[in-house]
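Enquirer: Build me a model from this:
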Amino acid sequence: MRTVAFLACSTLVAVAGMAEARSKSVAFDHFEFQGGNFVAPFTLEDAPVGEGQAPAASPAASFLQGSKIAAIRGGAVVVDADSGKLVRTDGNGEVTAQLDIAPGAAQLVVDAAHDRVFVTDRSGDRIVVADLSDGGLRQVDSFGTRAEPFGVALTPDGKTLLVTTVADHSLTAFDVGTGMPRWNLELGPEPRGVAISPQGHEALVTFLTTGAVARIDIRGDQPRMSFVSIDPGVRANPQFGNPGAAPVDPLSDEGKSFARNAFAAAYVGHGVAVVPHQLSTPHLASGDFEVEASGYGGGNGFTSPVNHRLAFLSTPDAGEAGSVRVAMATTNLHQPRALAYDGRSDTLYVAGYGSDDVLAVANVSQASVHATWQHRVSDSSGACGPEGLAVDPDDGHVLVFCSLTRRVVRLSGDPASPNAPTVVAHGNELAASRLSPQAQAGRALFRKGNAAEISTFGAMACATCHAESRADGLSWRLQGKNLQTPLLSGRIHEEAAPFKWDGKDATVEASLINTVQRLGGTGIDRRQAGELAAFLASVEAPRKPTVEDPAAVVRGKELFESDITGCAACHNGTLYTDQQQYDLDTDLGEVDTPSLVGLAQSAPYYHDGSARTLEAMLKGNASIHGMGNIAKLSDAQIDDLVQYLETL
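Expert: Presented below is the predicted three-dimensional model:
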C-alpha cells in the first residue's frame, strides 16, 4: 500500500415564504404568485452563453467532477463526512456495504470501467481506492496527498486523478496507475471542487473566498493557470429605498459585491461550465437606518446582502482563441452547493444546501435555458442538507444525498416537464452520526436558509458567512462599523470567552442570540442557542498547512514567545488569547483579544479586516498600530514569525 455565490424587496419577502410554500413539490415554468409575492427559482440576468441547438447526447460523465454520491449499477456509493464512512447502497437507498475512511471524508469519483472508487480522506491526507467489483466495498490501495485533500476528478481517459487540497492550497495530478504525482500547482486560499472538461484539456477549480475560478490547461506536464471572475457584482444603488443617500465614494467598498462559497463546478454541453455560488454585498448604504437589528451589511431592509447565483461560463475549446463569456442567473435555492449533469437531456440538477430543494434546469447549455421543476427533499425524518447529487445513467433518476439525515433520496421526473418529480425511494439512515443529538440539531439550524428567526426575510443563514464554520474573508458593515467575519472552527469554546470583537458577550449562547438579533431575525431561544453552541464546539480547527521550513518555524516561535515582540503576553493558552479587551484607538471602545487558532485560514486580519495578509499585519500596513513590539523586526524575522503563525 502506498502512502504517498437584482433582488427587489418583493423577492426578498418571497424568500421568507418559501419554506412554507415548498413543503410540497412546486413546479415552475414561469413566475408564480405565492405568499403574496412573485417568486422565481431561476432568472437569467444576461444574454445566454449557450447555443441555439441541443448538444450531442452523452451519458452522464460523473467522474469529471467529484461529489458526495455517485450512481453505480444497482444503486449508489456515498461518502458521509459525519460518520467518516464510504457506503454502498441498493436502488432503494439501503446499505449493502460499508468501509471506514475517516470523519471529514470529502468527495468521491467512480471509475466504472475498472470498478474503482476514489475517495478524498480530508483528515488523513490520502486518496483511498476501493474495489466495487464483487458487490461490496474493499480497500485495495491508497496514496498520500498534500495537506487536506477535498476535491477530486478523473480525466476522460481514466489515467489521471486531479485532487485539490485545502490547507496547502494546491492542485495535484496523480497517475492513477502508480499513485505518484505528475505535477503540483499552487492555488489561492480555500480551494474546493475541481471539474474536468469532457475533452480532457482543462479543469476548473472553485474557491470559497477568492471570487473567481481557476481555469487550468492540464495538457502535458506543465499546467497553465488563469483566473475567471465568476460574478463581478455591480455596485448596489444606494438611492434605492434611500433617495437622500449621499453619492458613493468610488474607491470605497460600499455597494460592491463579492462572489463567495463556490463549492463545485460542472461542465455541461457546448463547452459551457456552471458554478453555483453566493454573491455577498457587505457594505450597503443605510442613511439614518442604523439600529441594532439593521442587519448585516447595513442597508435599509430593501436590498438583500446576499443573493444566490449560478455562473454560466462559455469556455473556448482547446486551441481556440478568445476570452471566457460569462452569464449570471439568480436562484431561490439557498446556498446552492451540489450539482449533477445529465448529458442525454441537457439538464442540470442543482441542490440548495440551506433550503433542502433540488432544481431542474433544462436546456442548460442552450440559449433556451430555463427551469422546469423544483422539489423539496426534506420530510418528517428531518432537514435534508443536500450535499450530493448524481444522475443514474440507467433510468435518469436523480439521486440526492441528504447529509443531515445521512439518507439517499431517489427522484424520477421529466426534466422537460413542469410536473413535480416522484419520490421513487427514500432510504434509511446510512450510518450513525458521530455528533450528539444537540449538536446535530445545531448543525441543521446553522445552515438553515429562508428562516425568519435567523435573519431579515430569512435571506442569511449562519453558514452564509461561515461556510464550513470558517470565514468568508469579508468585513461587514454593522451599525456603522466594519467588522471582519471571524473564523469559528476550533475557536468556539468557553476558554475563548468573552465573544464578539468588543467582548460584549460573556458566553457563546449569548453571542449567538445577539448575532441573530443583529441579523434582523425574530430570534432564537436558549435551547436553539445551546444547540448551535454544541455544534460549533464539535467543529475541529482548520488543518495547518505543510511546514516548508521547520527551522524558520522554530525561530518564529522563539520570537512570538519572547519579550522582543511581546506577542505571547496577550495571545497565550491553548487558544492563544488572554480573554481580555484593550483600547487600541479604533472605532470600537475596546477590542477583544482574538484566538489565533487557524490563523493561516482566517485572513484578513484585525477586527476591521484592514490587514489583508499576516505580513501586512506585522509590518503595520493596516488601521491598527502599536500592537506588540514588532516595528523593529527585520524582514527575515517577520518572515520567520509569519511561518510560525501559520502553524497555530
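
Enquirer: Confirm that Glu615 sits in a helix.
Expert: Yes: Glu615 forms part of a helix when assessed by DSSP: H, G, I helix; E, B strand; the rest coil.

Enquirer: Would you quantify the distance from the nearest residue to it once chain neighbours are set aside to Ser229?
Expert: Excluding the flanking residues, the one nearest Glu615 by C-beta to C-beta, 6 or more residues apart in numbering is Val642, at 6.0 Å. For the C-beta atoms, the positions are set from N, CA and C on the backbone; glycine is no exception. As judged by C-beta to C-beta, to the nearest Å, Val642 and Ser229 stand 28 Å apart.

Enquirer: Tell me where the chain has helices.
Expert: Using DSSP state H, the helices of the chain run over 9-21, 437-446, 462-465, 508-518, 526-538, 550-561, 614-618, 635-645.

Enquirer: now the first one: mean pLDDT?
Expert: Mean pLDDT, taken over the full extent of helix 9-21, equals 30.

Enquirer: how about the strands in the stretch 351-500 of the chain?
Expert: Counting by DSSP state E, counting those that start in this stretch, the segments of the stretch 351-500 of the chain that form strands are 357-362, 370-376, 386-391, 398-402, 407-412, 422-426, 475-478, 481-484.

Enquirer: Make TSV out of those strands and add mean pLDDT, distance to Asn572 and mean neighbour count.
Expert: Shown next, in TSV, are the strands of the stretch 351-500 of the chain (pLDDT from 0 to 100; distance: least, C-beta to C-beta, whole Å; neighbours: other C-beta atoms under 10 Å):
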stretch	mean pLDDT	distance to Asn572	mean neighbour count
strand 357-362	97	47	27
strand 370-376	95	49	23
strand 386-391	98	38	27
strand 398-402	98	42	29
strand 407-412	97	45	23
strand 422-426	93	51	17
strand 475-478	86	26	22
strand 481-484	86	22	20
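
Enquirer: give me every residue that touches the closest residue in space to Arg612 that isn't next to it in sequence.
Expert: Leaving aside its sequence neighbours, Arg612 sits nearest to Pro604 (C-beta to C-beta, 6+ apart; 5.0 Å). Going by C-beta atoms under 8 Å, 6 or more residues apart in numbering, Pro604 touches Gly473, Ser475, Gln484, Ser610, Ala611, Arg612, Thr613.

Enquirer: go with 7 Å
Expert: Gly473, Gln484, Ala611, Arg612 (C-beta atoms under 7 Å, 6 or more residues apart in numbering).

Enquirer: and these, which are buried?
Expert: Among these, those classed as buried by 16 or more other C-beta atoms under 10 Å are Gly473, Gln484, Ala611.

Enquirer: mind checking how far the residue nearest to Arg612 is from Arg443?
Expert: In terms of C-beta to C-beta, Pro604 sits 27 Å off from Arg443.

Enquirer: And Arg325, by the same measure?
Expert: From Arg325 to Arg443 the distance is 39 Å (C-beta to C-beta).

Enquirer: Where does the prediction get shaky in the stretch 451-600 of the chain?
Expert: Across the stretch 451-600 of the chain, the ranges flagged by pLDDT under 70 are 585.

Enquirer: Make CSV from the strands of the stretch 351-500 of the chain and add distance to Leu86 to it.
Expert: Below are these laid out as CSV (distance: least, C-beta to C-beta, whole Å):
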stretch, distance to Leu86
strand 357-362, 23
strand 370-376, 27
strand 386-391, 13
strand 398-402, 12
strand 407-412, 13
strand 422-426, 20
strand 475-478, 38
strand 481-484, 37
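
Enquirer: For Asp157, which of these is the nearest?
Expert: strand 386-391 (21.5 Å; C-beta to C-beta).

Enquirer: can you put the helices of the chain in a markdown table and add distance to Arg138 and mean neighbour count?
Expert: Converted to a markdown table, the helices of the chain look like this (distance: least, C-beta to C-beta, whole Å; neighbours: other C-beta atoms under 10 Å):
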| stretch | distance to Arg138 | mean neighbour count |
| --- | --- | --- |
| helix 9-21 | 42 | 19 |
| helix 437-446 | 30 | 20 |
| helix 462-465 | 35 | 26 |
| helix 508-518 | 43 | 20 |
| helix 526-538 | 31 | 20 |
| helix 550-561 | 38 | 16 |
| helix 614-618 | 45 | 20 |
| helix 635-645 | 42 | 19 |
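
Enquirer: of all those helices, which lies closest to Gly93?
Expert: Short answer: helix 437-446, nearest of those by C-beta to C-beta, at 19.7 Å.

Enquirer: which helices and strands does that closest one pack with?
Expert: Counting contacts by 3 or more C-beta pairs under 7 Å, 6 or more residues apart in numbering; DSSP states H and E, helix 437-446 is packed against helix 526-538.

Enquirer: helices or strands next to the helix it packs on in the packing?
Expert: helix 437-446, helix 508-518.

Enquirer: Could I have the CA atoms of that helix written out in CSV?
Expert: The C-alpha coordinates for helix 526-538 follow below in CSV (Å, rounded to 0.1, in the frame of the first residue of the first chain):
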residue,chain,number,x,y,z
ARG,A,526,-31.8,29.4,24.7
ARG,A,527,-32.3,25.8,23.6
GLN,A,528,-31.5,26.7,20.0
ALA,A,529,-28.5,28.7,21.1
GLY,A,530,-27.3,25.8,23.1
GLU,A,531,-27.7,23.5,20.0
LEU,A,532,-25.7,25.9,17.9
ALA,A,533,-23.0,26.1,20.5
ALA,A,534,-22.8,22.3,20.8
PHE,A,535,-22.4,22.0,17.0
LEU,A,536,-19.7,24.7,16.9
ALA,A,537,-17.8,23.1,19.8
SER,A,538,-17.7,19.9,17.8
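
Enquirer: closest to Ala105 among the buried ones among the contacts of Pro604?
Expert: Among the buried ones among the contacts of Pro604, and counting by C-beta to C-beta, the member closest to Ala105 is Gly473, at 25.5 Å.

Enquirer: Which residue is the nearest non-sequential neighbour of that closest one?
Expert: Gly473 sits nearest to Thr209 (C-beta to C-beta, 6+ apart), 3.9 Å away.

Enquirer: And the contacts of stretch 213-222?
Expert: 171, 173, 182-183, 185, 187, 201-206, 223-228, 230, 262, 265, 275.

Enquirer: neighbours of the residue nearest to Thr206 when sequence neighbours are not counted, just the number please.
Expert: Distances taken as C-beta to C-beta, 6+ apart place Ala262 nearest to Thr206, at 3.9 Å, with adjacent residues excluded. By other C-beta atoms under 10 Å, 32 other residues sit near Ala262.

Enquirer: who are the neighbours in contact with Ala262?
Expert: Here Ala262 is in contact with Ala5, Thr206, Phe207, Leu208, Val213, Ile230, Val275, His277 (C-beta under 7 Å, 6+ apart).

Enquirer: Relative to Pro191, how far out is the last one?
Expert: To tie it back to what came earlier, the one meant is His277. From His277 to Pro191 the distance is 14 Å (C-beta to C-beta).

Enquirer: go on, the fourth one?
Expert: Going from Leu208 to Pro191 by C-beta to C-beta gives 8 Å.

Enquirer: ok so, going back, Ala153 is nearest to which of the helices of the chain?
Expert: Here helix 462-465 is closest among the helices of the chain (C-beta to C-beta), at 24.6 Å.

Enquirer: who touches that closest one?
Expert: Contacts for helix 462-465 (C-beta under 7 Å, 6+ apart): Gln278, Val306, Gln335, Gly354, Phe446, Arg447, Ile454, Asp472, Thr485.

Enquirer: same check, this time on stretch 188-199
Expert: Residues contacting stretch 188-199 (C-beta under 7 Å, 6+ apart): 61, 64-66, 150-153, 155-156, 162, 164, 166, 169, 171, 203-210, 263-267, 273, 317-318, 603.

Enquirer: can you tell me which residues contact the residue nearest the centre of the chain?
Expert: Note on the chain: the residue nearest the mean C-alpha position is Asn261, at 3.8 Å, using C-alpha atoms, centre = their mean. Contacts for Asn261 (C-beta under 7 Å, 6+ apart) come out as Ala5, Leu208, His277, Gln278, Gln335, Ala467.
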